[in-house]
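J.: Got a predicted structure plus its sequence, pasted below:
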Amino acid sequence: MESGADIITPLCKYNDGAALLVGGVFGVFGYLIEFVISDLFGVNVLNLAGWTDTVAITVFLNGLLTRLTLGTSGFFGKWEGEKHVFLPDKNRFTFLLVLGAGSSLLVGCITVALGQMGLDGSQEAMYLFNNMGSFAFGIAAICFLWLPMKLPMENLHQIILPAATTVLTVFAVTQNAVLSIIGGVIIGMIGAVLCDIAARTFNTNTDSHIDPPAFTIAVLQIFNFSILPMLLA
């Protein structure tokens, strides 16, 4: 494999047991990081185990650890006579806003509809409402099918997972459908743009991969889990 930034090629192609062992070691590190973030730091320092999406922040931190220990391109990549562009251009920025707004509007309407049906007595709808973040992530994961085909498909989980969480949180407190959906759309647009900036920051001219969606989800879920409930109280 030419670069560790290649996350598409299956490692089984190389018949290299050492690669699987290294992956296993860093997988164990991931479990330890998640334990520290949630059970130690979250519970003992913040008095809140679920202060963010601890899995997402673990994926991000594991990527950082991999780059610092195994990477050779530096933290932000090697730049020789090139200008590092951190922000999307006008066309890209507009596209991201539309993508974020449209995706989060759809998931927001579904979440509110399920919440309303749950309030009307449907236990099945209430179950789906309470777990809409996970369902949204699962729906967005369909986009991963296009990656091995090397088709220019955008990821959506960094958009609709935080957006669904925002809608769920706001609606659970206020039962205000419009306010809930607006909040979700705002978070969705932020997620789309923030993920693009993270990709440009961490994964340009590098030889390892730091997951921009994981970074985005972790940041936005800090707001959803730790800040938004206080604002709604």
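T.: Arrived safely, thanks for sending.
J.: What backbone torsions are found at S122?
T.: phi -80, psi 110 (degrees, to the nearest 10).
J.: By average pLDDT, which secondary structure element in the protein comes out worst?
T.: Among the helical and strand segments of the chain, the one scoring lowest on mean pLDDT, DSSP states H and E is helix 43-44, with a mean of 82.
J.: Which elements pack onto that one?
T.: Counting contacts by 3 or more C-beta pairs under 8 Å, 6 or more residues apart in numbering; DSSP states H and E, helix 43-44 is packed against no other helix or strand. Where C-beta positions appear, they are placed from N, C-alpha and C, glycine not excepted.
J.: Wait, T166 touches G183, no?
T.: Yes - at 4.8 Å, T166 counts as touching G183 under the criterion of C-beta atoms under 8 Å.
J.: of these two, who's got more company?
T.: The neighbour comparison of T166 against G183 (other C-beta atoms under 10 Å) goes to T166, with 30 against 23.
J.: now the helices: where do they sit in this structure?
T.: For the chain, the helices defined by DSSP state H occupy 17-35, 43-44, 54-70, 90-119, 123-130, 132-140, 157-174, 177-202, 212-222, 228-232.
J.: List the contacts of the closest residue in space to T201 that isn't next to it in sequence.
T.: Of all residues not flanking T201 in the chain, F86 sits nearest, at 5.8 Å (C-beta to C-beta, 6 or more residues apart in numbering). By C-beta atoms under 8 Å, 6 or more residues apart in numbering, F86 lies in contact with I197, R200, T201.
J.: Swap in 10 Å and give it another go.
T.: F76, D196, I197, A198, R200, T201, T204 (C-beta atoms under 10 Å, 6 or more residues apart in numbering).
J.: among those, which two are most distant?
T.: Distances among those were taken as C-beta to C-beta; the most separated pair is F76 and D196, at 15.8 Å.
J.: For the two, indicate the residue with more neighbours.
T.: The neighbour comparison of F76 against D196 (other C-beta under 10 Å) goes to D196, with 23 against 16.
J.: Give me the phi and psi angles of the residue lying closest to the more buried one once chain neighbours are set aside.
T.: Leaving aside its chain neighbours, D196 sits nearest to P88 (5.2 Å; criterion: C-beta to C-beta, 6+ apart). Torsion angles at P88 (phi, psi; degrees, to the nearest 10) stand at phi -70, psi 150.
J.: Does P88 touch L99 like I think?
T.: No - using C-beta atoms under 10 Å, P88 makes no contact with L99, being 11.5 Å away.
J.: Would you mind grabbing the residues shared as contacts by these two?
T.: A192, V193, D196.
J.: So which of these is the closest to T66?
T.: Using C-beta to C-beta, D196 comes nearest to T66 of the shared contacts of P88 and L99, at 21.8 Å.
J.: what sits against that closest one?
T.: Shown in contact with D196 (C-beta under 10 Å, 6+ apart): 86-88, 92-93, 95-96, 99-100, 154, 158, 212, 216.
J.: try S73
T.: Shown here is S73, whose contacts under the criterion C-beta under 10 Å, 6+ apart are S3, G4, A5, R67, W79, T204, N205, T206, D207, S208.
J.: Would you check which pair of these lies furthest apart?
T.: The two members of these with the most space between them (C-beta to C-beta) are G4 and W79, at 18.3 Å.
J.: And these two? Which one has more around it.
T.: G4 (16 against 12).
J.: ok, the residue most central in space within the chain - contacts?
T.: Taking C-alpha atoms, centre = their mean, the centroid of the chain lies closest to I217, which sits 3.2 Å from it. Contact partners of I217, counting by C-beta under 10 Å, 6+ apart, are 52-53, 55-57, 59-60, 133, 137, 157-159, 161-162, 165, 191, 194-195, 211, 224.
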